[in-house]
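> need coordinates for the below:
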Amino acid sequence: MDIKIPRTEEERLRKEIEGRNDFEALRIRRYLGMPDLSRTPSSPLGEIVKRVKALPRFKDFDDIEIPEIVPADISFDLFDFPADHPARSKSDTYYVDDKNILRTHDTVFWYYYLHDPRIKEKIAEQEPLGAVCYGKVYRKDEIDRKHMNVFHQIGAWYLVPDSKQKLELDDLKAALSEIVESVFGKETEYRFLDDTFPYTDPSTQVEVKVNGDWVEILGAGMPKKSVLKKMGVEGYNGWAFGFGLERLALLGMKLPDIRLLWSDDERVKKQLVLGQEFVEVSKYPPVVRDISFIVERGFIPNNYFDLVRDICGDLVEQVGLIDTYENAEKLGTDKVSYAYRITYRSISKTLTNEEVNTLHAELEAATAKNFGATIR
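Prediction:
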């Protein structure tokens with residue numbers, strides 16, 4: 001069954017954002033407007049979703065599509081995130097207003113799924129429940145070749161009445177094994193390790209061996225009874241998992257840069273095939289520039305990375321902190337100096353020094369304007 005949650009409140013909030021012209025509103029509009037690669041058939045992210053949904057275990061699961069703007073209390077409070085959890089802060093999460101955020105994890109689908117009238121009928125009849133959810137999620141993050149602040153997740157869960165069955169961690173591990181072998185191949189070496197999440201207990205993670213190194217690819221666990229109760233459901237138990245699609249795609253194709261997943265270059269697009277090792281079409285040279293500035297002590301790096309994205313788009317490959325300096329006598333009380341090294345590199349052309357100099361000057365001006373910074 002396909003379940004599309006009504007987006008009346010999200011549409012209202014989107015209209016409010018459309019009426020604003022501040023930097024935060026402009027970037028949120030841009031992020032929301034980016035395509036959902038998990039629903040793009042030609043994307044390897046869409047292929048991963050297709051493979052997971054095609055597994056016999058998931059063929060009868062409901063497919064639920066939820067809003068991208070969600071209430072913060074649903075996202076955090078109902079999922080047992082501690083009051084001081086970093087995800088709640090505006091330095092980690094995009095707040096549309098004081099009460100609503102761009103969704104930070106796909107697990108929030110639990111709430112929407114359990115409140116759908118058709119699912120409530122299933123619960124009343126003590127039927128098993130299975131659902132899969134996928135799409136874009138948003139978290140403020142650093143800039144490098146492996147991370148983006150807009151990425152994709154897929155999650156699923158399976159619940160059964162206590163009176164009919166008691167699911168164990170081994171049931172979950174069997175489901176996860178099928179996913180790993182479907183995406184990476186049956187010859188893949190992988191293992192399970194203990195983990196901790198606010199809303200599952202016990203919890204586990206899966207690591208796969210890539211070029212001799214163990215790499216974490218997904219997290220999972222058994223939903224806490226207390227969490228289910230807060231969502232209005234008692235007398236059920238089950239398992240759940242969630243993982244980032246980009247990480248699996250990068251590993252599966254040995255993709256050197258996450259930006260390539262969004263490329264419109266046909267030479268790149270035809271190579272984005274899950275299981276096929278990516279071959280560089282051309283290695284455009286990097287252009288490196290440093291930026292140093294003095295700001296108030298409350299400066300938040302993740303907010304600065306967003307500004308770099310605003311000004312430079314996808315022409316920045318990496319932003320690395322190279323120095324911080326504090327000296328009340330030289331800089332002033334409550335002032336800090338930051339120095340970042342910015343690597344400019346296009347995935348489709350060679351950047352000229354003139355282009356980079358112009359862009360870098362725009363970034364310096366925006367840094368001074370938006371953070372009250374003094375460029376050094």
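
> how about stretch 227-239: buried residues?
Val227, Leu228, Met231, Val233, Tyr236, Asn237, Gly238, Trp239 (16 or more other CB atoms under 10 Å). (Each C-beta comes from the backbone N, C-alpha and C, glycine too.)

> over to stretch 113-132?
For stretch 113-132, by 16+ other CB under 10 Å, it's Tyr113, Leu114, Asp116, Ile119, Ile123, Leu129, Gly130, Ala131, Val132.

> what residues does it touch?
Residues outside stretch 113-132 that contact it (CB atoms under 8 Å, 6 or more residues apart in numbering): 1, 3, 5, 52-53, 58, 60-64, 109, 133, 154-161, 163-165, 228, 231-233, 236, 238.

> and which of the buried residues of stretch 227-239 is nearest to Glu181?
Glu181 has its nearest neighbour among the buried residues of stretch 227-239 in Trp239, at 17.6 Å by CB to CB.

> work out for me the element Ala249 sits within.
helix 245-253 (DSSP states H and E).

> in terms of secondary structure, what does that helix contact?
When contacts are defined as 3 or more CB pairs under 8 Å, 6 or more residues apart in numbering; DSSP states H and E, helix 245-253 sits against helix 44-54, strand 150-161, helix 169-184, strand 213-223.

> go through those and pick out the most buried.
Highest mean neighbour count of those: strand 150-161, a mean of 23 (counted as mean count of other CB atoms under 10 Å).

> strand partners of that one, parallel vs antiparallel please.
strand 129-138 (antiparallel), strand 236-244 (antiparallel) (DSSP bridges).

> put the alpha carbons of that strand into CSV.
Extracted in CSV, the C-alpha atoms of strand 150-161 (Å, rounded to 0.1, in the frame of the first residue of the first chain):
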residue,chain,number,x,y,z
VAL,A,150,21.4,17.4,1.8
PHE,A,151,21.5,13.6,1.4
HIS,A,152,19.2,10.6,1.2
GLN,A,153,18.1,7.9,3.6
ILE,A,154,16.0,4.7,3.5
GLY,A,155,14.5,3.2,6.6
ALA,A,156,12.1,0.4,7.3
TRP,A,157,10.5,-1.4,10.2
TYR,A,158,8.4,-4.4,11.0
LEU,A,159,6.1,-4.7,14.0
VAL,A,160,4.1,-7.7,15.2
PRO,A,161,1.6,-8.1,18.1
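
> and that strand, how far from the chain's centre?
Centroid displacement of strand 150-161 relative to its chain, using CA atoms, centre = their mean, to the nearest Å, is 14 Å.

> and the helix holding Ala249, how far from the chain's centre?
On CA atoms, centre = their mean, the centre of helix 245-253 falls 13 Å from that of its chain.

> from the contact counts, what lies against whichever helix or strand comes after it?
Remark: after helix 245-253, the chain's next helix or strand is helix 266-269, criterion DSSP H and E. With contacts taken as 3+ CB pairs under 8 Å, 6+ apart, helix 266-269 sits against no other helix or strand.

> tell me which residues in helix 266-269 are buried?
Val268.

> just stretch 269-277 next, same as before
Gln271, Leu272, Leu274.

> closest one to Lys140 out of the residues you listed, please.
When those are compared against Lys140 (criterion: CB to CB), the nearest one is Leu272, at 26.2 Å.
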